[in-house]
Each structure stands twice: as C-alpha cells, then as structure tokens.
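Asker: When you get a sec, could you give me coordinates for this:
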Amino acid sequence: MLSLTPGDHGWFLDLLGANTAFLTAETAVVYYPGVSKGVTRTIDGVPVHQVADSAYLVPLDRSDPSHPISASIGTDASWGYTVDFNWTYDGNIIPGWQITPGVTLSHGVLGDTPNFTAQFMEGNMSSNFYVLFNQNPTKWQGGINYTTWFAAPYQNNTVVERQYYKDRDFIGAFVSYSF
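Answerer: This next block holds a predicted model:
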C-alpha cells in the first residue's frame, strides 16, 4: 500500500489536481492439496467421483462427444493479483464533498481456485472503474461503478480463449445517509 500525500508525492498529486491518492497492490496464492485429482466416494454402494468446479461452473469433457461428462476445472494451486489506484478531490470539484475516482485491475495468472468464489480463474481479467462521493462531514455518501471482464491476451505463450465472464459487464450504484 502506498499513500500519496502532498508532503511526499506533491508533484504527482499536482499532475492529477488531487489532494491525496492511494495505491494498493496485492498478490495471493490459494492452495488446496489434492483437489485437481478429485475425490472418489461410495454413496449407497455406488462409487462416485467428485471433481472440483470453480464457481460452480461445470464445463463438459468432450473427449467422447457421444457422452459428455462434467470435467474438473479446479486446480491444487492458483494465484493472481489485484491493483487499485484512487485519488481524492477534497472540496475542489464540489464544495463540501470529497470526490474519489479510481480503477481496480484483477488478473488470475495461473490455475483455477476450486471454490464458489473462484478468486482466480487462469487468464481472466477484470477492470472496475468507480467514482465515490462523500459529504464532508459525512452524512451522505454515494458511488457509481462499471466492471468489465476480458481475457489476458497471452497465457503461457498461447492465446487464452477461456473467459467465463466476458459477456457480463456490470454497472452499480449506491446512496447512503448516516444519522
């Protein structure tokens, strides 16, 4: 995390015309030992093989077109990163209000996290653009954001075609009042 204040990074804030800014960069590794092999159990005397499904996405194994079956997309290890940058105008645009625009970039670099949230899906990227409004002192708050999903252009020297959310851009907004 890097807090950009006028005393330390005034030249950069002057470029933006902002009062403060904040940069957050993080990376994470998720590890579920043995998940990519699946689990075989016996239920009522019938052997059942369970596979990992990230975010409950159930891709089909089409190696035998006449009998497609569920395929595993979860891997033992997955990792990725998220970077967020935002800057604040404190009363510069609307007197008595802090306006904070920002952007967040997320990228699943390698592997598929085998849980409901699917934190990382290899090659998947998203960008979230937002603007927050905070009355000073805080009574009213509001914000609007837009998120778009896309695929990393290259992964392991090959073009990635697997982007589950590419057709799902989102727009959101909120308003709150504190009393």
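
Asker: gap between the residue located most distally from the centre of the chain and residue 178?
Answerer: Farthest-out residue of the chain from its mean C-alpha position, per Cα atoms, centre = their mean: residue 45, at 41.5 Å. For residue 45, the distance to residue 178 equals 59 Å [Cβ to Cβ, to the nearest Å]. Where C-beta positions appear, they are placed from N, C-alpha and C, glycine not excepted.

Asker: residue ranges of the strands in the chain, please?
Answerer: For the chain, the strands defined by DSSP state E occupy 2-4, 20-31, 39-43, 46-50, 60-61, 69-70, 77-90, 97-110, 124-135, 140-151, 170-177.

Asker: In terms of secondary structure, what does the first one contact?
Answerer: If I follow you right, that is strand 2-4. Judged by 3 or more Cβ pairs under 8 Å, 6 or more residues apart in numbering; DSSP states H and E, strand 2-4 is in contact with strand 20-31.

Asker: Mind pulling the model confidence for residue 30?
Answerer: pLDDT for residue 30: 92.

Asker: for residue 154, same thing?
Answerer: For residue 154, the model assigns a pLDDT of 59.

Asker: Also the one 5 residues further on?
Answerer: For residue 159, the model assigns a pLDDT of 50.

Asker: next one: the one 4 residues further on
Answerer: Looking at residue 163, its pLDDT reads 67.

Asker: hmm, back to that, tell me which of the strands of the chain approaches residue 116 most closely.
Answerer: With Cβ to Cβ, the closest approach to residue 116 among the strands of the chain belongs to strand 20-31: 12.7 Å.

Asker: Output the contacting helices and strands for that closest one.
Answerer: strand 2-4, helix 6-16, strand 77-90.

Asker: Save those as a markdown table, and put in mean pLDDT, distance to residue 150 and mean neighbour count too.
Answerer: Below are the helices and strands packed on strand 20-31 laid out as a markdown table (pLDDT from 0 to 100; distance: least, Cβ to Cβ, whole Å; neighbours: other Cβ atoms under 10 Å):
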| stretch | mean pLDDT | distance to residue 150 | mean neighbour count |
| --- | --- | --- | --- |
| strand 2-4 | 92 | 26 | 14 |
| helix 6-16 | 88 | 26 | 12 |
| strand 77-90 | 96 | 14 | 18 |
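
Asker: Many thanks, have a good one.
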